[in-house]
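**Student:** got a sequence here, can you build the structure:
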Amino acid sequence: MKKVISSIALLSLIALGATLFLTRPDDDDYALYLAEQMADNVEASVCQPDEFSKWLGKVGEALSRACEGLVAGGESLTKEEIQQLIIDNTNYQNRVLFSTYMTETPFGNYRAFGVLNRFIIKEQAAKQ
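**Tutor:** Coordinates of the predicted model:
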């Protein structure tokens, strides 16, 4: 009975390790994810639909939609350029079962942990 339990535990650990290894995101996945997060944050912080509509009613809602259109359509950098900027400014560490990332860009500094095709990102204060 102990042999069966030991075998099941060993197989479970091997399966967990294989899952972590196979689903570890790479630097391209990270760059795509962070570029999308940056774009979403810029649109939300610049356009602030709740504030526009609170102050100006329907005119504010129209201004907010126009702002979102300008931000989405008037990007100064393409998504590919932003991704390349992120890749160029990221220290990527493959830790076999997970990945770590340290990114310093003009848009902000980030530390991230990648595992199971997911990212846990923390924005860091800019270095003085």
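**Student:** burial count for Phe21?
**Tutor:** For Phe21, the neighbour count with other Cβ atoms under 10 Å is 11. For every residue, glycine as well, the C-beta is placed using N, CA and C.
**Student:** mind listing the helices for the chain?
**Tutor:** Along the chain, the stretches classed as helices by DSSP state H are 2-22, 27-47, 49-73, 79-88.
**Student:** and the ones you listed, which one's lowest on average pLDDT?
**Tutor:** The weakest mean pLDDT among these belongs to helix 49-73, with a mean of 55.
**Student:** got the contact list for stretch 9-23?
**Tutor:** Stretch 9-23 has contacts (Cβ atoms under 8 Å, 6 or more residues apart in numbering) with 96-98, 115-117.
**Student:** is there a quick ChimeraX command that grabs whichever of those are buried?
**Tutor:** Selection of the buried residues among these in ChimeraX, burial being defined by 16 or more other Cβ atoms under 10 Å:
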select :98,115
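**Student:** wait, which of the contacts of stretch 9-23 is closest to Ile82?
**Tutor:** Lowest distance from Ile82 to the contacts of stretch 9-23 (Cβ to Cβ) belongs to Asn117, with 20.8 Å.
**Student:** measure the closest one to Leu16 for me?
**Tutor:** 15 Å (Cβ to Cβ, to the nearest Å).
**Student:** neighbours of Thr90, just the number please.
**Tutor:** 19.
**Student:** confidence score at it?
**Tutor:** Thr90 is given a pLDDT of 88.
**Student:** might one say that it is in contact with Asp27?
**Tutor:** Yes - in this structure Thr90 lies within contact range of Asp27 using Cβ atoms under 8 Å: 6.4 Å.
**Student:** and for those two, which residues touch both?
**Tutor:** Tyr101.
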